[in-house]
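whatever this is, show me its structure:
(chains A and B)
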Protein chains: 2
Amino acid sequence: MKVDIEKLQKIVGKEHVSDNIADLYAYSSDASVHQALPTVVVRPKTIEEVQEIVKYANKKKIPVIPRGAGSGTSGHAVPIDGGIVLDMKRMNRILQIEPADMLVKVEPGVVDDDLNRTLKPYGLFYPPAPASSRIATIGGEIAANASGVRSVKYGATRDYVMGMKVVLADGSLVNLGANTRVHSSGYQLERLIVGSEGTLGIVVEATMRIYPLPKYRCLGVANFDKLEDAGNTISEIISSGAQPSMLELMDGIGIIAVNKALDLGLKEVGAIILFEADGNVKEAVEYEIKKMKDICEKYNGYDIEMSYDAKERQRIFGGRKKLFASLSKYQEGIICTDLADDMGVPNSKIAECAKKIHEIAEKNNVIMAVYGHCGSGVIHTKIMLDPKTQSQWDDADHVIEQLYDYVHSVGGVTSAEHGIGLSKAPAWKKARKDILPMMRAIKKALDPNNILNPHKLMDAPDDWIHATELRYRVGV
Amino acid sequence: MKVDIEKLQKIVGKEHVSDNIADLYAYSSDASVHQALPTVVVRPKTIEEVQEIVKYANKKKIPVIPRGAGSGTSGHAVPIDGGIVLDMKRMNRILQIEPADMLVKVEPGVVDDDLNRTLKPYGLFYPPAPASSRIATIGGEIAANASGVRSVKYGATRDYVMGMKVVLADGSLVNLGANTRVHSSGYQLERLIVGSEGTLGIVVEATMRIYPLPKYRCLGVANFDKLEDAGNTISEIISSGAQPSMLELMDGIGIIAVNKALDLGLKEVGAIILFEADGNVKEAVEYEIKKMKDICEKYNGYDIEMSYDAKERQRIFGGRKKLFASLSKYQEGIICTDLADDMGVPNSKIAECAKKIHEIAEKNNVIMAVYGHCGSGVIHTKIMLDPKTQSQWDDADHVIEQLYDYVHSVGGVTSAEHGIGLSKAPAWKKARKDILPMMRAIKKALDPNNILNPHKLMDAPDDWIHATELRYRVGV
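Numbering: from 1, shown residues only, chains lettered A, B, ... in the order given. From the prediction side, this is the model:
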């Protein structure tokens, strides 16, 4: 692909454009299984620079792939057709904190944890918090509609977007949404952009709702011998009307993995549940915690620990936060792939789905941990396999098919918070045929030259395994 | 316009199609100032009937205007080009209540209060509640992204939509969204439909999130001599991090009107604030109520009453709920028009905006009450004028221009929860020029023949007063 490097250097400065092979390699993958080299990497600093780059690309029909931290697990940031990878991390200013209006204005490259560190002295916080919040950018979280551990009470990124500035495919800049808590002034385009994975526009500024930090947080943990009991506990907590601010599940495989990686000495039981309540009044937090504890006990939960203390909570929660990384230590020679890693199911199906995952894993010779923000119906897993054995990739393919067939049959979704990208596209396209034409019509209307993160989502290839190179050495 | 009445009768049954002039007249207006006769009124009962009607209309390029209760204040349901008014009220079944998944599935014609009456025995409720909830349908609330008195805590309709079935302009049926609390599985089309005022598709089923009913609700009311003090109280309550479940303002004009209409005997002060907190633990509700009461007192609020009792709360709140209707009794010979009736401003601007409204009213010889869900930044008003005097309509025009210029200059929105329709389109189009092409591109992509509620929102006429007949006798 012919890209005018000098032209791009003129826009953003020489040091912020690279087609050096080492840089291209570094930008060729994200946390997914995919890998494809971009033609060039560009790191803009201003809205005007983004506009100029996109205008040029649109004229020349060069793909533009916006990228935050590269922590996405579905391949959104992998430049399947080459082109310009637009690294948004230099646009990382927090532009405005407005407690009177309970909003914050940020550039897309602001890191989630950095935002929360900055908000803390104001007694405020930004609730969506994926496990990768230490590196994940707000722009990336918008692209994937990230949600994280507190979504059970606080919702997903889509619930926080009040407004945004977006550069469209023709390089024009639009101001979407409002500075107000509610609005009914035209299409809610700011919410259409959330979860669109960089295919409709490039977010260059976001106005996000924030919340007052609660005075009290109490975190509990309960052990279960049977995964099924833990799953049923979660369903009943939700249907009881309890209001957890966190409700997480981790199965025995996950526990073994974090013990191995972090030497935590957790009891290696069938499953644990983490449950948290927050609020400004201790009696209210205690009421919610007791309600959840009672349900845990009803389903044979035991050795229940609870703490209001921040350090203690950190210790209890530490394993869960680092589970994803820890899983790679589960067994020598086994890698942990982000395939079928992020289903959403109705709350009433948590136990059934968890059991099904273990059954399907066993049948197909792979290992699968079950964990996630199950209070929001989010079930995470990883397909853990030996990447050097070709047949293990076929095993993965079978798991994906069987698992999604189940998830879709119970009214679940392909992805709860990681997005479709490349890896989840084949199963999702099969399940949601009816909405593809509508999505394609909107895409075509807003990006007629198909330059914005092309061939993702509804336009992704039907075969994930050959969509790009895999970023593992297969069969070596 | 030529419409094949027999064809439509075949689809829905003879008794559900009418081109009788009395029926057409009944369907010619909503709660806005506008009036235009449809060609025919059709009242479908099933999804398939809606599909067939739309397919026929699309082939013949006949406008289709979906209509709920007709309680909209902006003219969404007024058939500006004639055509088929689709009365959705016969599709009024509650299809599924699922406490385990905290969701309800409804047909679009279900009335808000009916839904809440049905949910109550389950200990559940559907929070969005416009003042018109006694008649407003869920479909209409989706079309306008309605929010209402509890939006300060619970958000707007867009925050409740999990999924929906929508009939598109070509008659095809799509299933948008999910049965899960969060999803990242394709464009959030279900949220694009919210607030689209019937221009992108016809909602034929909706899956909405519900909440457990709180055990305690405490409602307080405070009197203020100065409207400005009341406005500042609201701003400070929000920035303090308090969590009201309702935070309403009503000015002196509003108080006089409800006294006249309902004989309530309220003290005729400069303004009142209604503040509510809810929760499952009384200590927590008391904490929030005390915090709000203290701020009221700081800004000279007095005669503060508070009650947990449902009947007492009803008495306190009754006036606010019926304010809109009561305003028509404010003064003999004066009507109450829904023009510039629903601004949204940042919370920090409530007092300033309220003052500005009174100033602009006085300058232009009209009366304007100020009230609304000010905790969410929603400021309602009505332009009250003598409809028989032609110059009063010019006065209204000046008010609209001056008021919106102010609202937009402070980062506010044209409409917070009533929608743009016809009446708010000229001011909104002027303020939001940058997003019109994007909206038009999406509209054209999804409705190429422009049959779904045409000439509303971004395609509405630039002059509201001549867009249709007015439903008042002017100059008589």
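
any idea how far chain B is from the residue nearest the centre of chain A?
For chain A, the residue sitting closest to the mean C-alpha position, by CA atoms, centre = their mean, is A:H418 at 3.6 Å. A:H418 is 6 Å from chain B, where distance means CB to the nearest CB, to the nearest Å. For the C-beta atoms, the positions are set from N, CA and C on the backbone; glycine is no exception.

now A:F275
From A:F275 to chain B the distance is 16 Å (CB to the nearest CB).

which strand or helix spans that residue?
If you go by DSSP states H and E, A:F275 is part of strand A:271-279.

just want the angle from that strand to strand B:271-279.
Per axes from the mean of the first three to the mean of the last three CA atoms, to 10 degrees, the angle that strand A:271-279 makes with strand B:271-279 is 160 degrees.

poorly predicted segments of chain A, please.
Along chain A, segments meeting pLDDT under 70 span A:475-476.

the longest helix seen in it and chain B, any residue contact?
Looking across chain A with DSSP state H, the single longest helix is helix A:390-409. No: using CB under 8 Å from any CB of the partner chain, helix A:390-409 stays clear of chain B, coming no nearer than 10.0 Å.

what does stretch A:307-319 give?
No: Stretch A:307-319 lies out of reach of chain B by CB under 8 Å from any CB, never closer than 15.7 Å.

from the chain's centre, how far out does the longest helix of chain A sit?
Relative to its parent chain, helix A:390-409 has a centroid offset of 21 Å by CA atoms, centre = their mean, to the nearest Å.

contacts for the helix or strand just after that helix, please.
Using DSSP H and E, the next helix or strand after helix A:390-409 towards the C-terminus is helix A:425-431. For helix A:425-431, contacts defined as CB atoms under 8 Å, 6 or more residues apart in numbering or on different chains pick out A:340, A:400-401, A:404, A:408, A:414-415, A:420, A:436, A:456-458, A:460-464, A:467, B:185-186.

picking up where we left off before, report all helices and strands that whatever helix or strand comes next after the strand holding A:F275 contacts.
Sequence-wise, the next helix or strand downstream of strand A:271-279 (DSSP H and E) is helix A:282-298. Helix A:282-298 sits against strand A:216-224, helix A:227-239, strand A:271-279, strand A:302-307, helix B:282-298, with contacts defined as 3 or more CB pairs under 8 Å, 6 or more residues apart in numbering or on different chains; DSSP states H and E.

let's go with 6 Å and repeat that
Other elements packing on helix A:282-298 under the criterion 3 or more CB pairs under 6 Å, 6 or more residues apart in numbering or on different chains; DSSP states H and E are strand A:216-224, helix A:227-239, strand A:271-279.

identify whichever of these lies nearest to B:D114.
Nearest of those to B:D114, taken as CB to CB: helix A:227-239 at 23.1 Å.

and the angle from the next helix-or-strand element following the closest one to strand A:216-224?
Going down the chain from helix A:227-239, the next helix or strand is strand A:246-251, by DSSP H and E. If you take the same axes, to 10 degrees, strand A:246-251 sits at 20 degrees to strand A:216-224.

helices and strands around strand A:246-251, which ones?
Checking 3+ CB pairs under 6 Å, 6+ apart, strand A:246-251 ends up next to strand A:271-279, strand A:367-372.

would you mind saying which of these lies nearest A:S240?
Here strand A:271-279 is closest among the helices and strands packed on strand A:246-251 (CB to CB), at 12.0 Å.

with only the CA atoms kept, save the closest one in CSV.
Extracted in CSV, the C-alpha atoms of strand A:271-279 (Å, rounded to 0.1, in the frame of the first residue of the first chain):
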residue,chain,number,x,y,z
ALA,A,271,-15.3,-21.7,43.0
ILE,A,272,-15.2,-18.4,44.9
ILE,A,273,-17.6,-15.5,44.8
LEU,A,274,-16.5,-11.9,45.5
PHE,A,275,-19.4,-9.7,46.5
GLU,A,276,-19.2,-6.0,47.3
ALA,A,277,-21.6,-3.3,48.4
ASP,A,278,-20.9,0.4,48.6
GLY,A,279,-22.7,3.5,49.9
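
adding mean neighbour count, write the helices and strands packed on strand A:246-251 out as a markdown table.
Listed next are the helices and strands packed on strand A:246-251 as a markdown table, based on neighbours: other CB atoms under 10 Å in any protein chain shown:
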| stretch | mean neighbour count |
| --- | --- |
| strand A:271-279 | 26 |
| strand A:367-372 | 26 |
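
could I get the ones you listed in JSON lines, plus columns for distance to A:R93?
Below are the helices and strands packed on strand A:246-251 laid out as JSON lines (distance: least, CB to CB, whole Å):
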{"stretch": "strand A:271-279", "distance to A:R93": "29"}
{"stretch": "strand A:367-372", "distance to A:R93": "33"}
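
so which of the ones you listed is nearest B:D113?
Nearest of the helices and strands packed on strand A:246-251 (CB to CB): strand A:271-279, 30.0 Å.

next one: the closest one to chain centre, how far?
On CA atoms, centre = their mean, the centre of strand A:271-279 falls 20 Å from that of its chain.

report all helices and strands that it contacts.
strand A:216-224, helix A:227-239, strand A:246-251, helix A:282-298.

packed most tightly, which of these would that be?
Highest mean neighbour count of the helices and strands packed on strand A:271-279: strand A:246-251, a mean of 27 (counted as mean count of other CB atoms under 10 Å in any protein chain shown).

ok, how many other residues are close to A:G375?
30 (other CB atoms under 10 Å in any protein chain shown).

just confirm it contacts A:M246, I think it does.
No: under the criterion of CB atoms under 6 Å, A:G375 makes no contact with A:M246, lying 7.2 Å away.

quick one on the thing from earlier: just the buried ones among the contacts of helix A:425-431, please.
Among the contacts of helix A:425-431, those classed as buried by neighbour count (16 or more other CB atoms under 10 Å in any protein chain shown) are A:340, A:400-401, A:404, A:408, A:414-415, A:420, A:436, A:456-458, A:460-461, A:464, A:467, B:185-186.

that older thread, residues making contact with the longest helix of chain A?
A:339-340, A:343, A:356, A:360, A:364-366, A:383, A:385-386, A:427, A:431, A:475 (CB atoms under 6 Å, 6 or more residues apart in numbering or on different chains).

now the buried members of the residues you listed.
Of the contacts of helix A:390-409, these count as buried by 16+ other CB under 10 Å: A:339-340, A:343, A:356, A:360, A:364-366, A:383, A:385-386, A:427, A:431.

any chance of the backbone angles for A:L95?
Dihedral angles of A:L95 (phi, psi; degrees, to the nearest 10) stand at phi -80, psi -30.

which residues does A:L103 bridge with?
Per DSSP bridges, residues listed as beta-bridge partners of A:L103: A:E98, A:R209.

quick one: the helices and strands packed on strand A:271-279 as JSON lines, columns for distance to A:Y371 too.
Shown next, in JSON lines, are these (distance: least, CB to CB, whole Å):
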{"stretch": "strand A:216-224", "distance to A:Y371": "13"}
{"stretch": "helix A:227-239", "distance to A:Y371": "11"}
{"stretch": "strand A:246-251", "distance to A:Y371": "4"}
{"stretch": "helix A:282-298", "distance to A:Y371": "17"}
